[in-house]
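following is a predicted model, sequence given first.
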Amino acid sequence: MKNLSFIDKIFYLLNSLLATLLLLSYLLPFISPSTIPFFAVLSLFVPVLIIINLVFFVYWLIKLKKQAFLSAFVLIIGWFSSPPFYKISSRSSSLNSDVKVMSYNVKAFDLFTNKKNDAETENTGFTFIKDKDPDILAIQEYYQSTKILLSYPYKFIKRKNDKGKFGMAIYSKYKIVNSGSLDFKNTSNNIIYADVVKQKDTIRVYNLHLESLRIKPNEENFGQENSEKLLKRVTNSFKKQVEQTNLFLTHEQQWKGKKIICGDFNNTAYSWVYNQITKSKKDAFTEAGQGLGKTFNYWFPMRIDFILTDENAIVNQFKSFSEKFSDHFPIQAKINWK
């Protein structure tokens, strides 16, 4: 510190604080939000903390200062102990027997019929899905409408109530022999499932939409809400996510066969929720993805939508698309079994 300028001393103090926060964030997967709800909020900002610490590392490295070791040390710990922030390599094999699965929070299809600036073609969210042609399509924030252009022989749609139009859906090219809903109380979120038959295999497909944080940064009134009120609402949402996660795990453990879990977790890969749900499972992005895997349209990379499989599955491909037909980006995986 003696050899640093006054500005660099300020930078290093800030660096120390943010490196400590990143280090603490590595404990998040092991601490239930029901125990310390406020601490869980930090899970949303782990990608920002990683980026800032990378910037500090480069800054000190350019100046040939030993202070670079602080961020380097914390980042290395995260590299070996946390889910990947960035995937360098991907897997791109493919088999005819693969199950192609897409998970998509469509935001009630409100942007799905928007036209791009093209005089000759109409590029909609429905044409996008048709072009990608998934065998199984899991939709969160479904909205019943005559404008829906999805052609599948089998589907399970669960609306929140008989008179409502909002809900969740699973579309399938394979026959659905069983389906159901966990029917969360006092919330618009839910988990549904469908058992599909592919040749001699029965595969359970879960579609999760865990409690929403109701943070909409792109809306005009964002930032006007009292910060204390906002924090209280977010921490309450995290508590609900704990209850919903426990309900899911209790239900999911009863199924011993092949399974695929899709959905919008409304939480990141650095959270307790993700850690609990992914135990004894494979994350398709971790297995076969590349890049940041961003799934939510925000200024920093947030991966809150996931496709998971049982441990016996092989993920041959994973893609996170950038098409903006919703506030979420669609993700897709090709899955097979040994």
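Alright, I've got the coordinates. Predicted, not measured: the structure shown is a model, and the values here were computed from it. Residues are numbered from 1 along each chain as shown.

all strands for the stretch 201-338 of the chain, in order.
Along the stretch 201-338 of the chain, the segments classed as strands by DSSP state E, counting those that start in this stretch run 201-209, 258-264, 281-283, 305-310, 313-320, 331-337.

what's the closest of those to F69?
strand 281-283 (30.6 Å; CB to CB). In short, each C-beta sits where N, CA and C put it, glycine included.

what strands line up against that closest one, and which way round?
Here strand 281-283 is paired, per DSSP bridges, with strand 305-310 (antiparallel).

show me the contact partners of the partner strand.
101, 103, 105, 258-265, 269, 274, 277-278, 280-285, 295-296, 315, 318, 328-329, 331-333, 335 (CB atoms under 8 Å, 6 or more residues apart in numbering).

list buried residues within the residues you listed.
Neighbour counting over the contacts of strand 305-310 (16 or more other CB atoms under 10 Å) leaves 101, 103, 105, 258-265, 269, 274, 277-278, 281-285, 295-296, 315, 318, 328-329, 331-333, 335 as the buried ones.

so for stretch 28-45, what's the average pLDDT?
Confidence over stretch 28-45 (mean pLDDT, whole number) is 90.

and the helix or strand hosting G78, what other elements does it pack with?
Taking DSSP states H and E as the criterion, G78 maps to helix 68-81. Other helices and strands packing on helix 68-81, by 3 or more CB pairs under 8 Å, 6 or more residues apart in numbering; DSSP states H and E, are helix 6-25, helix 46-62.

can you list the buried residues in that helix?
A68, L70, S71, A72, V74, L75, G78.

and the residue nearest to I191 when sequence neighbours are not counted, what pLDDT?
Once flanking residues are discounted, I191 sits nearest to L182: 4.3 Å by CB to CB, 6 or more residues apart in numbering. We have a pLDDT of 97 for L182.

ok, L182 touching Y206?
No. Counting by CB atoms under 8 Å, L182 stays clear of Y206, with 9.3 Å between them.

quick revisit: report how many residues lie close to the residue nearest to I191.
Around L182 there are 18 other residues, counting by other CB atoms under 10 Å.

ok, it to W272 distance?
19 Å (CB to CB, to the nearest Å).

then the helix or strand of the chain with the lowest mean pLDDT to PDB, C-alphas only?
One helix or strand of the chain scores below all others by mean pLDDT, DSSP states H and E: helix 37-40, with a mean of 83. Presented in PDB, the C-alpha positions along helix 37-40 are these (Å, rounded to 0.1, in the frame of the first residue of the first chain):
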ATOM      1  CA  PRO A  37     -33.000 -13.900   3.200                       C
ATOM      2  CA  PHE A  38     -31.000 -10.800   2.800                       C
ATOM      3  CA  PHE A  39     -27.800 -12.700   2.000                       C
ATOM      4  CA  ALA A  40     -29.600 -14.500  -0.800                       C
END
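
buried stuff in that helix?
Result for helix 37-40 [16+ other CB under 10 Å]: buried residues P37, F39, A40.
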